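need the 3D shape of this:
(2 chains)
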Amino acid sequence: MSGVSANAVKNGAPQVDPLRLAAAKKGHWRPLPMISSKALRWGINGAALVYLVLVYYSVDINWARVAQGMNRALNFVGSFFTPDFVTRGGEIAVGLRESLTMAFVATVLGIALAIPVGLGAARNIAPRPVYFFCRGIIAVSRTFQEIIIAILFVAMFGFGPLAGVFTLAFATIGFMAKLLAEDIEDAQREPMEAIRATGASWVQWIAYAVQPQVMPRLIGLSLYRLDINFRESAVIGIVGAGGIGATLNTSISRYDYDTSAAVLLLIIGIVLMSEYLSGYVRRWTA
Amino acid sequence: MLTITALTKRYDTGDLALDNVTLTVPAGQVLALIGPSGAGKSTLIRCVNRLVEPTSGSIQLDGKDITRVRGKALREARRQIGMIFQSHALVERLSVMENVLSGRLAYIGFWRSYFRRFPATDIRQSFTLLERVGLDTMIDKRGDALSGGQKQRVGIARALIQNPKLLLVDEPTASLDPKTSRQIMRLICELCAEQNLATIINIHDVALAQQFVHRVVGLRAGAVVYDGPPEGLTPEILTTIYGEEDWTATQKHDDDAPQDGARDMAAAVLGGHP
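Here you go, the predicted model:
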């Protein structure tokens, strides 16, 4: 809709069609279309339709294979009704504990490193060279997907949770620093000026003018990142970075879908709990 | 007290905000800086405490040149200059007490300030100031819980706890209703008289300025075009400052008679009529 109204007022006084005015006087009015040329409008719609048809025929779907696989998928989904928490209970407990530990350590470590980077990456408080350097760190950290970093760190530190912790901490830096920097850039300028005008030092200025303004979001984001790190720990476990992902991977490769279902249900439960917790904490810190 | 000599500011965009401004403000004088939007009023006072870097000219505070000081010397200069902002500029998520005490940051070290361990004398002074502006019962209220006039009073207390020699006031009443505006102006002027501060007030409302200040300086396009007593603002002079307009209504302005004044003052001090 905003596109419509933007079109209507483009270039100051719009050219109003006298017929439209006459119709409006009688109570007939429709918003102006976003694309004024009727031919172009229908042309674009037609092109979209043709594209969809072509896409359908270009994707090679083997329906026989889908029917076959559907059976296997149904097996997997079906096992959610018979999750097996017990048979591999010990492994699941160890995996979960490892994942939670990894997620927590990685979040704390990542945030501790992300705060200075975030400060440096905020255009309104950092000098230009520092800004570009810190934005560079963020870009590198955000470019690589966790799995790729995990493969690198597993190669460096060997299989196990240590590689996982470094992977998640590294990913946390990019995520937190970027969002923190954006929050700092959105902070109110006047209080920042006021604290500077008192003669406060740079660190005092950060502590009194910046920190109070970004703290609620920093806390909210930290909890969110803890949640992400836990979920990611299940994924990077598959490439050998420890945690519940390793347990999940083993059970899937054994076609032990009942155990897989149990693991997934536990992950859902923990994510749900963290969802409620972060909602509560955010209300409390607002 | 404050001596500004040939101060010029040209922004990176090429706009000439201040054009060779020379001005001396003695201690105890309240000076109103008037002029149309964009005349350079804000730039001028921001150059004084170096929130904006002047292009050329010099600023002397108590005979000490602060035009080019950096680091510690700059912070020391700034703590002698209190500033009150247009939209109060409180840190809204800090308490009233923390906001006022932030005026003492330049006097204490980082860790003390970080853990809010302010010296007892600072806390005492902060409380006295809050009593003075009528907000002593609100010390633990958060900044965003206050009304516009109350926030502005906290801003005043924050500036005064610096024990400044010079007070810079940027459009203190722009976001306040007419009555609160008068209370705030009166409060600022009284506090300046009590502490013998040199004061520069940027203000849009000419009638309000005339009512309270000792001296008026008119800026137009970055240059001083009037410097004299408030009574001297004739329609001709206002036209030089602001451009052609009918000034008669501004001239006979007396909606704040003295008997009202006493009541307003009481309200200001008691924190009534937020």
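
for the longest helix seen in chain B, packing partners?
Using DSSP state H, we find that the single longest helix of chain B is helix B:178-195. Taking 3 or more C-beta pairs under 8 Å, 6 or more residues apart in numbering or on different chains; DSSP states H and E as contact, the helices and strands that helix B:178-195 lies on are strand B:30-34, helix B:148-160, strand B:166-170, strand B:198-202, helix B:206-212, helix B:258-270. (Each C-beta comes from the backbone N, C-alpha and C, glycine too.)

redo that, cut-off 6 Å
Contacts defined by 3 or more C-beta pairs under 6 Å, 6 or more residues apart in numbering or on different chains; DSSP states H and E place helix B:178-195 against helix B:206-212, helix B:258-270.

can you tell me which of those helices the model trusts least?
Per-segment mean pLDDT for those reaches its minimum on helix B:258-270, at a mean of 45.

measure stretch B:226-242 end to end?
The first and final residues of stretch B:226-242 sit 11 Å from each other (C-alpha to C-alpha, to the nearest Å).

how about residues contacting that stretch?
Residues outside stretch B:226-242 that contact it (C-beta atoms under 6 Å, 6 or more residues apart in numbering or on different chains): B:Gly35, B:Pro36, B:Gln210, B:Val213, B:Val216, B:Val217, B:Gly218, B:Arg220, B:Val225, B:Trp247.

the same query, at a cut-off of 10 Å, please.
Contact partners of stretch B:226-242, identified using C-beta atoms under 10 Å, 6 or more residues apart in numbering or on different chains, comprise B:22-24, B:31-32, B:34-36, B:39, B:206-207, B:209-220, B:225, B:244-248, B:250-251.

same check on stretch A:252-269?
Residues from elsewhere that reach stretch A:252-269 (C-beta under 10 Å, 6+ apart): A:72, A:75-89, A:91-93, A:95-96, A:99, A:230-231, A:233-234, A:238, A:244-245, A:247-251.

what about residue 90, helix or strand, and which?
This is for chain A. For A:Gly90, the host element (DSSP states H and E) is helix A:89-120.

that helix packs against which elements?
Applying 3 or more C-beta pairs under 10 Å, 6 or more residues apart in numbering or on different chains; DSSP states H and E, one finds that helix A:89-120 contacts helix A:128-143, helix A:161-185, helix A:211-236, helix A:244-253, helix A:257-285.

so that helix versus helix A:128-143, what angle?
Interaxial angle, helix A:89-120 versus helix A:128-143 (axes from the mean of the first three to the mean of the last three C-alpha atoms, to 10 degrees): 160 degrees.

quick one: helix A:89-120 to helix A:257-285, angle?
40 degrees.

and helix A:89-120, how far out from the chain's middle?
In terms of C-alpha atoms, centre = their mean, to the nearest Å, the gap separating the centre of helix A:89-120 from the centre of its chain is 17 Å.

for that helix, buried residues please.
A:91-92, A:95-96, A:98-103, A:105-107, A:109-111, A:113-115, A:117-120 (16 or more other C-beta atoms under 10 Å in any protein chain shown).

ok, stretch A:171-186 next?
For stretch A:171-186, burial by neighbour count (16+ other C-beta under 10 Å) applies to A:171-181, A:183-184.

do the same with stretch A:130-142
Applying 16+ other C-beta under 10 Å to stretch A:130-142 flags A:Tyr131, A:Cys134, A:Arg135, A:Ile137, A:Ile138, A:Ser141 as buried.

ok, those residues vs chain B, which is closest?
A:Tyr131 (17.1 Å; C-beta to the nearest C-beta).

tell me the most buried of the helices and strands packed on helix A:89-120?
Greatest average neighbour count among the helices and strands packed on helix A:89-120 goes to helix A:161-185 (a mean of 23), per mean count of other C-beta atoms under 10 Å in any protein chain shown.

quick one: is it near chain B?
No. Helix A:161-185 lies out of reach of chain B by C-beta under 10 Å from any C-beta of the partner chain, never closer than 12.9 Å.

same for that helix, what does it pack against?
helix A:89-120, helix A:128-143, helix A:146-157, helix A:211-236, helix A:244-253.

okay, now the unreliable bits of chain A?
A:1-15 (pLDDT under 70).
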